[in-house]
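Peer 1: I'll drop the sequence and a predicted model, then ask my questions.
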Amino acid sequence: MPEPLSGASREVLDRLRLLREADAASHGGRVLSYVYDSGLAELDELAAEAMRLVQSVNGLDPTVFPSVAALESDLVGFAKRMLHGDDDTVGTVTSGGTESCMLAVKTARDVWAAAQISGDPATQRMIALRPRIVAPTTVHAAFHKAAHYFGLDLDLVPVDDEGRVPVDDLVARFGPDVALVVVSAPSYPFGVLDPIAEVAAAAARYSIPCHVDACIGGFALAWWGDLPPWDFSVDGVTSISADLHKYGYAPKGASVLLQRDRDRQRHQFFAMARWPGYPVVNPTLLGSKSATALAAAWAIVQRLGTEGFAELVASCRRSTEQLRALIDGTTGLRIVGDPTGPLLAVASDVTVSKRLRVDPHHWADRVAELGFTLQMQPGFMQANGRALPRTTHLTITPVTERMLPELSDVMTRAADDVRGKTPANPKLAVQALRMSGALGRELTADKAQALLLRFGVGGSQRRSGGATSPLPSKMAPLIALIEQLPAEFAERLLIEVLARQSEPPGDR
């Protein structure tokens, strides 16, 4: 039995509960992004108890804490069976999708570099060049981060208006400097299942490894049914990432990175015996790390098993189909493309007159006022000049099904309320910035903050319940500004927003 908490400790927890009141609800189905609610309260209690049991464990060294190796082995085994791996398939539990993707890129870079050194002298000249990753425009931002951190070029192939990438366009970018081709199952922005079998087959002909980013979809698509092959059943797929803290319903952060074979996976590791301290061997980017998310993920997978996951995915599929039908029947809105899995991207239907159109961002703002949070995605101009539409993203989870009547009413009402409203357009503000020369100058922290305040961002915006936020209550104008500003400038402003949010009050 744990010892009872002192009065001082209870005061600390009361303060934490007060802080949590300002957060979006992580349960109950009112936030259709970021959180993955199974709707099963038992899983939350199971995860909490599992985390408590390993609270003091350091995942750095499974030779000292063999429970870490046992938990990881069970999770990797479940994932490789789920994704049709074989006896040679091995894997690692990571801290999340970003780390899984980064490790896939790090592995590919090191395998590529080793091949250049030991290969034909005629190709060794490639080692002086930066290796490339080839991927569709819709590939997750984690691969931009990985390319930046590990010194690769990210060669993005434009997609069509429905988010689909032509296989021939991807293959046309292949060459001896390509260390990895990445496809998604499905892509986050539009929920599109990339042509994995065709791309992997072509990559194999060029001896290029193929990574399937199934971070968001892996633990859902495995039970979705009626899909073309997309996992290790496809020859040429060399690695797959799938997040346990998404449709595996584990607490953040837990993901699995699977590699087709042992020799490839060994390039993922970092080992160091050339210093006077203890020998360091890390399969992940972290050294010392908590085992709490690992234990929680293990407990949930053990509890649900194949049948449990299948039931939860069936719920997601029913809700997804009903929401697709609702949006298809809403004048002024449309689903982008033909999404696969529990993700939807909603855009304005430009085939109807302007007075009947529904701007997806005004719609999302109105839905938020009525009690549900959707995720806005800015429009995007691709390298070939083809624009992708501004959209609102929905992530559907099992708990969505019980909220469908209210959610459907809210979405319909919100569309009626904003139908015909002109999309936010900050063109004059951007023109003023250009004329002032601000867009051509490097921004200090204070100058960036001053600009943000001019746009109504970065201060303490009062919200309902007394909470404050650096963001305006309506996000459509801010997302429109991000669309029109040069990307580097917008990114600098966004850094300032997030950086200042966690600064101590006296430092602002």
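Peer 2: Happy to help now that I have it.
Peer 1: how about the strands in the stretch 251-400 of the chain?
Peer 2: Counting by DSSP state E, counting those that start in this stretch, the stretch 251-400 of the chain has these strands, from start to end: 255-259, 270-272, 280-282, 333-335, 343-348, 375-377, 380-381, 387-388, 391-395.
Peer 1: can you give me the mean pLDDT across the third one?
Peer 2: Spelled out, that is strand 280-282. In this model, strand 280-282 has a mean pLDDT of 94.
Peer 1: That one packs against which elements?
Peer 2: Judged by 3 or more Cβ pairs under 8 Å, 6 or more residues apart in numbering; DSSP states H and E, strand 280-282 is in contact with strand 270-272. Where you see a C-beta, it was placed from the backbone N, CA and C, and this is true even at glycine.
Peer 1: Starting from the strand it packs on, tell me which strands it pairs with and how they run.
Peer 2: Using DSSP bridges, the neighbouring strands of strand 270-272 in the sheet come out as strand 280-282 (antiparallel).
Peer 1: thinking again about what came up before, of all the strands of the stretch 251-400 of the chain, which lies closest to G175?
Peer 2: Taking Cβ to Cβ as the measure, the strands of the stretch 251-400 of the chain were each checked against G175, and strand 255-259 came out nearest at 23.4 Å.
Peer 1: quick one: contacts of that closest one?
Peer 2: Counting by Cβ atoms under 8 Å, 6 or more residues apart in numbering, the neighbours of strand 255-259 from elsewhere in the structure are 75-76, 79-80, 83, 85, 89-97, 99-100, 103-104, 107, 215, 218, 232, 238-245, 265, 268.
Peer 1: Stretch 414-434 now?
Peer 2: With Cβ under 8 Å, 6+ apart as the contact definition, stretch 414-434 has outside contacts at 330-333, 348, 354-359, 361-363, 365-367, 369-370, 390, 439, 451, 455, 476-477, 479-481, 484-485.
Peer 1: Mind giving me the PyMOL command for buried ones among the residues you listed?
Peer 2: A single PyMOL command is used to select the members of the contacts of stretch 414-434 judged buried by 16 or more other Cβ atoms under 10 Å:
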select buried, resi 330+332+333+348+357+358+359+361+362+363+365+366+367+390+451+476+477+479+480+481+484+485
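Peer 1: now, which of the contacts of stretch 414-434 lie within helices?
Peer 2: 361-363, 365-367, 369, 451, 476-477, 479-481, 484 (DSSP state H).
Peer 1: between those, which is nearest D155?
Peer 2: The shortest approach to D155 among those belongs to Q484, at 25.7 Å (Cβ to Cβ).
Peer 1: so what's the closest one closest to, chain neighbours aside?
Peer 2: Distances taken as Cβ to Cβ, 6 or more residues apart in numbering put V430 closest to Q484, at 4.9 Å, once the chain neighbours are dropped.
Peer 1: ditto for S319
Peer 2: Leaving aside its chain neighbours, S319 sits nearest to T400 (4.3 Å; criterion: Cβ to Cβ, 6+ apart).
Peer 1: got the contact list for the one you found?
Peer 2: For T400, counting by Cβ under 8 Å, 6+ apart, the contacting residues are G29, L32, S315, C316, S319, L323, L407.
Peer 1: residues near the fifth one, how many?
Peer 2: Each residue near S319 was counted by other Cβ atoms under 10 Å, and the total is 23.
Peer 1: surely it meets V399?
Peer 2: No. Taking contacts as Cβ atoms under 8 Å, S319 lies outside contact range of V399: 9.1 Å.
Peer 1: contacting residues around R324?
Peer 2: By Cβ under 8 Å, 6+ apart, the contact list for R324 reads I335, L344.
Peer 1: okay, it: pLDDT?
Peer 2: pLDDT, read off for R324, is 97.
Peer 1: Pull up the gap between it and T391, please.
Peer 2: R324 sits 14 Å away from T391 when distances are taken as Cβ to Cβ, to the nearest Å.
Peer 1: Which stretches in the stretch 1-150 of the chain count as helices?
Peer 2: 7-20, 41-53, 66-82, 97-118, 141-150 (DSSP state H, counting those that start in this stretch).
Peer 1: G371: what's it in contact with?
Peer 2: R30, E406, V410.
Peer 1: out of these, which are inside strands?
Peer 2: In this view, the contacts of G371 have no member that belongs to strands under DSSP state E.
Peer 1: residues touching the closest residue to D110 other than its chain neighbours, list them.
Peer 2: Nearest residue to D110 in three dimensions, chain neighbours excluded: H267, at 4.3 Å (Cβ to Cβ, 6+ apart). Counting by Cβ under 8 Å, 6+ apart, H267 touches K106, T107, D110, V111, A114.
Peer 1: the bottom helix or strand of the protein by mean pLDDT?
Peer 2: Averaged element by element with mean pLDDT, DSSP states H and E, the chain has its least confident helix or strand at strand 461-462 (a mean of 52).
Peer 1: Assign V181 to helix, strand or coil.
Peer 2: Assigned by DSSP: H, G, I helix; E, B strand; the rest coil, the conformation of V181 is strand.
Peer 1: Longest helix in this structure, please.
Peer 2: Across the chain, the helix with the greatest residue count (assigned by DSSP H) is helix 292-328.
Peer 1: Buried residues, it. List them.
Peer 2: The neighbour-count criterion (16+ other Cβ under 10 Å) identifies 292-301, 304, 308-309, 312-313, 315-317, 319-320, 322-324, 326-327 as the buried residues of helix 292-328.
Peer 1: now stretch 378-392
Peer 2: Buried residues in stretch 378-392, counted by 16+ other Cβ under 10 Å: P378, G379, F380, Q382, L388, P389, R390, T391, T392.
Peer 1: Serialize those to a markdown table and add fields for pLDDT.
Peer 2: Compiled in a markdown table, these are given as follows (pLDDT from 0 to 100):
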| residue | pLDDT |
| --- | --- |
| P378 | 95 |
| G379 | 95 |
| F380 | 95 |
| Q382 | 95 |
| L388 | 96 |
| P389 | 96 |
| R390 | 96 |
| T391 | 97 |
| T392 | 98 |
